[in-house]
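In: When you get a sec, could you give me coordinates for this:
(2 chains)
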Amino acid sequence: MNKQLAMVIDSSACIDCKACTLACKVENNVPEGKWRNWVKRSEPDFNKPDWMDHATFVHFQPGGCMHCEVPTCVQACPTGATYKNEKDGAVKVDPKLCIGCGSCIPACPYGARYLHPAKHIVDKCDYCEKRRERGELPACVITCPTKARVFGDINDPKSDAALLLKKNQSVRVINKESDTKPNMYYLSTTAPLNWPVKARMPDAIQLWKLTGPLIWGIVGLNALGVLLMLGKQLLMNDKAPETDESHEETRQS
Amino acid sequence: MTSPIEIPLSRRSFLKWSGAATAAAAVGGKAPVLYALTPDESNKTSVKPESRYSVCGMCLNACGLVARVENGVITKLDPNQKFLKSRGMLCARGNAGIQQLYDPDRLKYPLLRKGERGEGKWERISWDQALDLAAAKMSEIAKKYTRCGVMFTPGSDSQSLFVHWFAEVFGSYNVTTHESSCLLSRNRAYLDTFGEVPFADILHTKYIIIVGANPFEAIITPDTIDLMTAKKNGCKIVVLDPRFTKTAGLAHEWHPVRPGTDMAFFLALCQVITSEKLYNETYAQEKLSGLEQLTEHVRQYSPEWAEKECEIPAADIRRIARELSAAAPTAIVYPGRRTSDYVNSTQIRRSMAIVNALLGNWDTPGGLLAARQVGLSGPELPEAPFYDDNPENRLDKGMAHMMFEEEGAFKHMRDAIIAQKPYPVKGWFIYRYNPLQSAANRQKTIEMIKQLDFVVTVDIAMSDTAWMSDLVLPAPSVLERQDPASGLQGSAACACVVARDPVVPALFESRPIFEILKGLAGRMKLAEYFDFTMEQYRKQQFKLLPDAARAIQEDGVYYNPSKLYGIYEGKIYKTLSKKIELYNERYAREGVDPLPVYQPPKPNPVNQFRLVVGRNAYFTHCTTQNNALLNELMPDNSLWMHPMAAKKLGLKDGERIEVTSKAGKGELSVSLNNGIREDTVYMASGFGVLSKGLTRIYGKGACIAELIEDYADAISGNMAMHETFIQVARKVAV
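Out: The predicted structure follows:
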């Protein structure tokens, strides 16, 4: 089975100290005002008479790019810069291909992406790729006081992440209308759950979905025409003048 | 080489600039050029990063870290995974240590005041000029007013011990430390109960009551991490706090106690435990002194009585007393850290210590632990000279019942200096201490400074105290320093030794305090007392630890596998009765209540709120608010207020308000928060600064030191910072 890097998070251990967010910021030179990861917070309802009965009044929930199985950001990217790396299952941004159009940003239900103001490309968590190349854990994982973030290949049954996942009930935090099958698992008590938004795909892609079949039809007809012309040329073996054929470019998504 | 740059640079652009030996102009943009010594990054070839051990200096915990160095520049700080005390972690502040090192707001070279104090006009001078001047001024004061005419505040980092030593050989007893605005009342209370200040074995405990402490935010290693581990292992956490802190939010129970009434709760616990005989009788007979007097004394303090004071239901108090006793001796009333809160803080903490004593948790797993043996030796230093013209005592002598001579009490010292009684103090030497932000009643500190002829501050950044000084000397961060070895107590985790070596050379013209003091000693005929190098000093410290130096080299830390539990087996307690003193014999002799007697807190004046202060996980006292990385987490402070209280004042969330106390005033925004009592308000420390050298926070928020009135704990002299009431009003646009 292919590698799938993932995070399994025991958010009940999170104390919201923000060590992970700063470790990430320094490691990845994330500019001021931007973040690659975060800690969400559930608020107790002080007006409820029984709010004190809950075992945990406040829940802090660390997060970041979830390196989804069905990444809507990949679907939204017009250049192929955002892709899912087959080797390790991480969703990556190729800085050479990214044109900074920002289409992927609203396509992420988690707000995990931002436009880098200086580089003019989109940036997000890459599980600290450079650290991993040196055999180190991601910065947010290693720095965490309570080790709430556990990282590893969940397809390797011996990894800490897989073991934690196996031993506990877990949930994935999703928007029901855009279930991207995230590779960030939370132990089941986690909160809040209702924050991911519906993935908003770029207009061009939505238009493509509507008009796609029609365009394919036209392309098909066009190709048929080309074939016919070719056949005609071959059959007739004629010295016909070169024709200026149009080349439809299509992109596999 | 001059540069007109005045804009604050970000960390990265700063690094880029530094190669060209240019950097942001320092204070208010008035200063001339300065030199940044980090190597040029522009021609860098990719070199394999080096890893070097160090120890964090962003707060006092001293957590082990590994610095990644690329082309001579530190690019990342990671936790030292072998560091047991911190459980292999590095918090947000630790991660931001890199910013302290490369902060354009750092002090870069010696500065001499030119205009009025606090005006911000400085002249760059050479180190020789600076040291000549400081030595001359201090000698002049010593000659005119005796050597006790110079006050020393040594800060609390790993080189502070040299400031203490300097003060001793210079001949001044007037040394006041950070501790009198921190934990002296706790120390007093536990010393006067157990004969020793304990460490809580949180990791192994099953029940913990946390009052006047916030360990999930005010990070203490290993306590913070161990508390979460203990919770996972089934430990019950009960928190009393007027504020819904993150510790309260992650506890099993939160009781929004009425401020200043904690003692009522603990005396009621004592009442339940003694009247229901929930303690171990054999243990009590053998180890405790004064159980009868206590039983008699607390008869008046029933849970029903306490409920009226602390507003915690009597049934809960009784239940907690029984649950706690059932879990004993693996149960703890957390001793806490900063206990500079009330005028009777020592007695409040005594009532907590007494409950611990009744639980029989001393020196046992999951209880309160004695200090473990670390094994460092005290280097042999020459005997300090005696100056026979000096006054008899330190200036603040006798201003509190049982002050710690070696710590003093800043509040009392300041009062005495203002009054110039019993004798004048005219000089002040400050190392990394900032009372203008941390000590109650800033106006009084300013008044004190007006009495002084010479004030010199050594710090990394232009703190408010540096801003008000005559001479400012730049110190390096811990990543640039060689330090003496320090012994650390890590509760059940370890007893260990650390010692820093520079990860990178000191930037700019910064000099470690050790070098500064050596320079001063040489100019004041005291050279013989500083006639040693850091290596020699350390070597002597390691005299009895032959493996320490190598372990520190290899792992960044040395562990002493010393005894953890049962240290007191067969030994007496260091108290008058030689037992654990519920009833304190010395207090009785000296006219202090030998058992804690409840005194209700002052009632809130009409339409006023009790101001409480406290830490969060991003700020160490008032030292890290201007750090760009941490500042982004909290760029400003605001006043927490309950929505019902705000409604009565007609205030909306986020509105600008004016806060006024008897001590001073401030302006900030209000943030409505259900997690605070209606009669109480809270604000974070470190804002409302005077110093324009702190470019990110100048002009932001309000200052706690400006608002808090100067009260002190009667027994220890510890500052009492929760005794102030403030008025809150909408800021009227002018």
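
In: What residues of stretch B:136-155 count as buried?
Out: Across stretch B:136-155, burial judged by 16 or more other CB atoms under 10 Å in any protein chain shown covers B:137-139, B:141-142, B:145-155. Where you see a C-beta, it was placed from the backbone N, CA and C, and this is true even at glycine.

In: Disregarding residues adjacent in the polypeptide, which is nearest to the residue of the stretch 101-250 of chain A found nearest chain B?
Out: Distance from chain B to each residue of the stretch 101-250 of chain A (CB to the nearest CB) is smallest for residue A:145, at 4.0 Å. Of all residues not flanking residue A:145 in the chain, residue B:89 sits nearest, at 4.0 Å (CB to CB, 6 or more residues apart in numbering or on different chains).

In: secondary structure element for that neighbour?
Out: Here residue B:89 is covered by no helix or strand, with elements defined by DSSP states H and E.

In: where does it land on pLDDT?
Out: In this model, residue B:89 is scored at 98, pLDDT.

In: now swap in the one 3 residues further on and tell me
Out: Reading off the per-residue confidence, residue B:92 sits at a pLDDT of 98.

In: shouldn't residue B:556 be in contact with residue B:62?
Out: No: contact criterion CB atoms under 8 Å: residue B:556 and residue B:62 do not qualify, at 11.2 Å.

In: Overlap in contacts, these two.
Out: B:55, B:498 (CB atoms under 8 Å, 6 or more residues apart in numbering or on different chains).

In: what bridges to residue B:720?
Out: Beta-bridge partners for residue B:720, by DSSP bridges, are residue B:711.

In: ok, it - contacts?
Out: Taking CB under 8 Å, 6+ apart, we find residue B:720 in contact with B:340, B:341, B:342, B:343, B:345, B:440, B:711, B:712, B:713.

In: could you redo the last one with a cut-off of 10 Å?
Out: Contacts of residue B:720 were listed using CB atoms under 10 Å, 6 or more residues apart in numbering or on different chains, and they are B:185, B:260, B:339-345, B:411, B:440, B:708-714.

In: Repeat that for residue B:550.
Out: B:542, B:558.

In: ok, it to residue B:496 distance?
Out: 14 Å (CB to CB, to the nearest Å).

In: who in the stretch 101-250 of chain A is up against chain B?
Out: Proximity of the stretch 101-250 of chain A to chain B, by CB under 10 Å from any CB of the partner chain, involves residues A:118, A:130-131, A:134, A:136-137, A:139-140, A:142-148.

In: In helices, which of these fall?
Out: A:130, A:131, A:139, A:140, A:142, A:143 (DSSP state H).

In: hang on, residue B:65 is in a helix, isn't it?
Out: No: the secondary structure assignment for residue B:65 gives strand rather than a helix, going by DSSP: H, G, I helix; E, B strand; the rest coil.

In: so where is the chain shaky, pLDDT-wise?
Out: Let's take chain A. Low-confidence segments of chain A, defined by pLDDT under 70: A:51-55, A:206, A:208-210, A:212-213, A:235-253.

In: I was after chain B.
Out: Across chain B, residues meeting the criterion (pLDDT under 70) sit at B:1-46, B:734.

In: Where is the longest helix in it?
Out: When chain B is parsed with DSSP H, its longest helix is helix B:127-145.

In: now for that helix, which elements pack on it?
Out: Counting contacts by 3 or more CB pairs under 10 Å, 6 or more residues apart in numbering or on different chains; DSSP states H and E, helix B:127-145 packs against strand B:111-113, strand B:150-153, helix B:160-170, strand B:427-431, strand B:454-459, strand B:471-474, helix B:513-523.

In: Kindly reformat those as a markdown table containing distance to chain A.
Out: Formatted as a markdown table, the helices and strands packed on helix B:127-145 follow (distance: least, CB to the nearest CB, whole Å):
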| stretch | distance to chain A |
| --- | --- |
| strand B:111-113 | 28 |
| strand B:150-153 | 30 |
| helix B:160-170 | 26 |
| strand B:427-431 | 27 |
| strand B:454-459 | 23 |
| strand B:471-474 | 24 |
| helix B:513-523 | 27 |
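
In: nearest to residue B:608, of those?
Out: Among those, strand B:150-153 comes nearest to residue B:608, with 32.3 Å by CB to CB.

In: by contact count, what packs against the closest one?
Out: Under the contact definition 3+ CB pairs under 10 Å, 6+ apart, strand B:150-153 sits against helix B:127-145, helix B:160-170, helix B:410-419, strand B:427-431, strand B:454-459.

In: and of these, who's closest to residue B:120?
Out: Shortest separation from residue B:120 across these is recorded for strand B:454-459, at 14.1 Å, computed as CB to CB.

In: In the closest one, which residues are buried?
Out: Applying a neighbour-count criterion of 16+ other CB under 10 Å, one finds B:454, B:455, B:456, B:457, B:458, B:459 buried in strand B:454-459.

In: try stretch B:79-94
Out: Residues of stretch B:79-94 classed as buried: B:79-81, B:83-94 (neighbour count, 16+ other CB under 10 Å).

In: Among these, which pair sits farthest apart?
Out: B:84 and B:92 (20.8 Å).

In: How are the helices of the stretch 151-253 of chain A distributed by residue range?
Out: A:160-167, A:203-236 (DSSP state H, counting those that start in this stretch).

In: What is the burial count for the one residue in chain B that gets nearest to chain A?
Out: Sorted by distance to chain A under CB to the nearest CB, the residues of chain B start with residue B:249, at 3.3 Å. For residue B:249, the count of nearby residues is 23 (other CB atoms under 10 Å in any protein chain shown).

In: What of residue B:539?
Out: Neighbours of residue B:539 (other CB under 10 Å): 15.

In: for residue B:503, what are its contacts?
Out: Contacts of residue B:503 by CB under 10 Å, 6+ apart are B:50-54, B:65-69, B:74, B:77, B:101, B:477-481.

In: And the strands in chain A?
Out: In chain A, the strands defined using DSSP state E lie at A:5-9, A:37-42, A:59-64, A:82-84, A:91-93, A:114-115, A:122-123, A:149-153, A:170-171, A:184-187.

In: any residues touching the fifth one, and which ones?
Out: To tie it back to what came earlier, the one meant is strand A:91-93. A:5, A:65-69, A:71, A:73-74, A:77, A:81-85, A:104, A:108, A:112-113, A:116, A:121-127, A:129, A:180, A:183.
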